[in-house]
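Undergrad: Return atomic coordinates for the entry below.
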Amino acid sequence: MKARKIVLALAAGTTLLAAAPAFADPPRWAPAHGWRAQHYRPHHYYPAPAYVYYPARPVVVAPPPVYYAPPPVYYAPPPAPAYYRPVPAIYGRVPVGHHATIGFSLPLY
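TA: Residues are numbered from 1 along each chain as shown. Reported below is the predicted structural model:
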């Protein structure tokens with residue numbers, strides 16, 4: 001009975017020792033999974049961004065062009081023909097009755 005307990009204790013101890021985690025880094029060629037593989041990369045080199053300096057180009061402003069144009073010419077419209085001209089007149093209405101009026105027009109020429 002004592003030997004049986006010793007064999008069971010040795011088997012349990014061997015199982016526990018075999019299941020213990022390995023406290024070592026994986027080799028560089030082995031893929032590592034987990035937080036360390038995603039966040040810790042000491043073997044990668046990220047160079048600083050290169051700043052490119054472009055000197056300012058000279059700005060030349062030309063004066064506005066000067067145009068010499070003749071002064072504008074305004075033409076008067078031709079006189080209207082006589083039959084289109086308004087005739088000065090006096091217009092009026094004289095009430096005669098309840099619904100009756102007399103209208104008149106007196107030309108002044």
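Undergrad: What lies in contact with the helix or strand containing Ser105?
TA: Using DSSP states H and E, the element containing Ser105 is strand 101-107. Defining contact as C-beta atoms under 8 Å, 6 or more residues apart in numbering, one finds that strand 101-107 is touched by 87-96. All C-beta spots, glycine's among them, are computed from the backbone N, C-alpha and C.
Undergrad: Now, of those, which are buried?
TA: Buried members of those, counted by 16 or more other C-beta atoms under 10 Å: none.
Undergrad: Could you list which of these belong to strands?
TA: 89-95 (DSSP state E).
Undergrad: where does this structure dip in pLDDT?
TA: Applying pLDDT under 70 to the chain flags residues 16-47, 85.
Undergrad: repeat that for 90
TA: The model of the chain has pLDDT under 90 over residues 1-91, 93-101, 104-109.
Undergrad: just so I have it, where are all the helices in it?
TA: Assigned by DSSP state H, the helices in the chain fall at 2-18, 35-39.
Undergrad: helices or strands up against the first one?
TA: Right, the one you point to is helix 2-18. Contacts defined by 3 or more C-beta pairs under 8 Å, 6 or more residues apart in numbering; DSSP states H and E place helix 2-18 against no helix or strand at all.
Undergrad: returning to that earlier point: kindly indicate which of the contacts of strand 101-107 lies nearest Pro58.
TA: Pro88 (72.8 Å; C-beta to C-beta).
Undergrad: For the nearest residue to Val96 once chain neighbours are set aside, list each beta-bridge partner.
TA: In space, and not counting its chain neighbours, Val96 is closest to Ile102: 5.7 Å by C-beta to C-beta, 6 or more residues apart in numbering. Ile102 has these beta-bridge partners by DSSP bridges: Val94.
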